[in-house]
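**Q** heads up, no residue letters with this:
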């Protein structure tokens, strides 16, 4: 049998795969489902924002307590929140009940990571792998997630289309997809019960470092200033991305070009496959050019392509530009995650990942409030792409200015 730490790494890759499959499975039909349930675009935007804000508050508490209480326990709690949200979303079309489920549970409108999972899993992985291997492992971690999201998007879209082809209404077909999300969350819950002790924080960290939601440092000490500055920049990037979450982009393709659920599933399958491949290139680029350089100089052109998507005159060209954007858009993800783990102390990693993740979630959760009404107005429906691209380019410039000289240990020359 494999050593326990190796088995736990494999298990964390498995849970990442299942979770991102579930997120992609739901995201491609989520806005369509809510629209068919009778919600206005403004209420949908509010619901998506509160989904992310609720995830943020709960996830911040979970991640800043995970090293002390236990990472496995907190991962189990997160999976239970996925099941709770999926069941309630599938059970009712009442706006107020959906609002409650969105605030308390875990739902991913963009098909991306939400909740406490990423921060805790990153801390566990960084603990058991050498620093020089960290970015490479995180690249594979991002790759399997992107492929899983791609397969989830394809499966969710095709399942909805197949059910409608056999006589189901659009509402009932998409409700089946939402219920499937809850089932996948239950499977994730079972997998986390198999996680072993190598995923936990070192005993010294659990004893001496007791992060609290109410502490000003949120479980951080020596790295507090760096983490807070990174968090502000990551929030700006995520705020820009919140204008073009996958659910809204799917809605835009549906209303602008008449793309059906099956077509949308294929589009985002291809987009997420390309994103995964681009993330895999990050390790090689980071070793050659450095983490910050890789983050900035792959992210910039992807945002230029994002601005070009709504300028395309037909569906094939819009898809081509979107896919070109995704082919380079995720190279900054494993490098950003690796860089955060590299510039903080080991006993701050769960908290650092949680705080930076919280900042990203807050940023992305605010944007749908403004994006919903823009997408609802035909004359303004392309504006979110321009806003998103502009804000993300600003983030790249500021990140380069502030952090190009802050190098992780493995990039420093002989002292």
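**A** Yep, that arrived. Because the structure is predicted, anything quoted here is derived from the model rather than measured. Residues are numbered from 1 along each chain as shown.
**Q** what helix or strand does residue 34 sit in?
**A** Residue 34 is part of helix 4-36, with elements assigned from DSSP states H and E.
**Q** what's the nearest residue to residue 164 if we skip its chain neighbours?
**A** residue 173 (4.8 Å; C-beta to C-beta, 6 or more residues apart in numbering). (Each C-beta comes from the backbone N, C-alpha and C, glycine too.)
**Q** hmm, I was thinking of residue 328
**A** With C-beta to C-beta, 6+ apart as the criterion, residue 328 has its nearest non-adjacent residue at 4.8 Å, and that residue is residue 302.
**Q** Pull out the buried positions in the helix or strand hosting the one you found.
**A** Residue 302 belongs to helix 291-308 when assigned by DSSP H and E. Neighbour-count burial for helix 291-308, counted by 16 or more other C-beta atoms under 10 Å, picks out 291-300, 302-303, 305-308.
**Q** just stretch 238-257 next, same as before
**A** 238-254, 256.
**Q** follow-up on the earlier one: ok, now how distant is the residue nearest to residue 328 from residue 148?
**A** 21 Å (C-beta to C-beta, to the nearest Å).
**Q** same thing with residue 400?
**A** Residue 400 is 31 Å from residue 148, by C-beta to C-beta.
**Q** what about the two, which has more around it?
**A** Here residue 400 and residue 148 are compared on neighbour count by other C-beta atoms under 10 Å; more neighbours surround residue 148, at 24 against 16.
**Q** Would you mind measuring from residue 241 to residue 371?
**A** Residue 241 is 10 Å from residue 371, by C-beta to C-beta.
**Q** actually residue 248, sorry about that
**A** In terms of C-beta to C-beta, residue 248 sits 6 Å off from residue 371.
**Q** What segments of the stretch 1-150 of the chain are helices?
**A** Assigned by DSSP state H, counting those that start in this stretch, the stretch 1-150 of the chain shows helices spanning 4-36, 41-69, 71-91, 95-104, 117-128, 131-165.
**Q** that older thread, so which of the buried residues of helix 291-308 is the closest to residue 342?
**A** For these, the minimum distance to residue 342 (C-beta to C-beta) is 7.3 Å, reached by residue 291.
**Q** doesn't residue 411 make contact with the closest one?
**A** Yes. The criterion here is C-beta atoms under 8 Å, and residue 291 meets it with residue 411 at 7.0 Å.
**Q** Of all the helices of the stretch 1-150 of the chain, which one is nearest residue 185?
**A** Taking those one by one with C-beta to C-beta, helix 71-91 is closest: 3.3 Å.
**Q** Check which helices and strands that closest one sits against.
**A** Contacts defined by 3 or more C-beta pairs under 8 Å, 6 or more residues apart in numbering; DSSP states H and E place helix 71-91 against helix 4-36, helix 41-69, helix 95-104, helix 117-128, helix 170-192.
**Q** circling back: overlap in contacts of residue 248 and residue 371?
**A** Taking C-beta atoms under 8 Å, 6 or more residues apart in numbering as the contact rule, residue 248 and residue 371 both touch residue 384.
**Q** quick one: low-confidence ranges for the stretch 301-415 of the chain?
**A** Applying pLDDT under 70 to the stretch 301-415 of the chain flags residues 412-415.
**Q** do that again at 80, thanks
**A** For the stretch 301-415 of the chain, the stretches with pLDDT under 80 are 330, 345-351, 357-358, 361-362, 364-365, 368-369, 372, 375-376, 408-415.
**Q** buried ones in stretch 18-38?
**A** 18-37.
**Q** Compute the mean per-residue pLDDT across that stretch, please.
**A** Across stretch 18-38, pLDDT averages out at 88.
**Q** likewise stretch 245-259?
**A** Mean predicted confidence for stretch 245-259 is 84.
**Q** Now for the closest residue to residue 86 other than its chain neighbours: which residues touch it?
**A** Spatially, and ignoring its direct neighbours in sequence, residue 86 is nearest to residue 182 (2.8 Å; C-beta to C-beta, 6+ apart). Counting by C-beta under 8 Å, 6+ apart, residue 182 touches 82-83, 85-87, 90.
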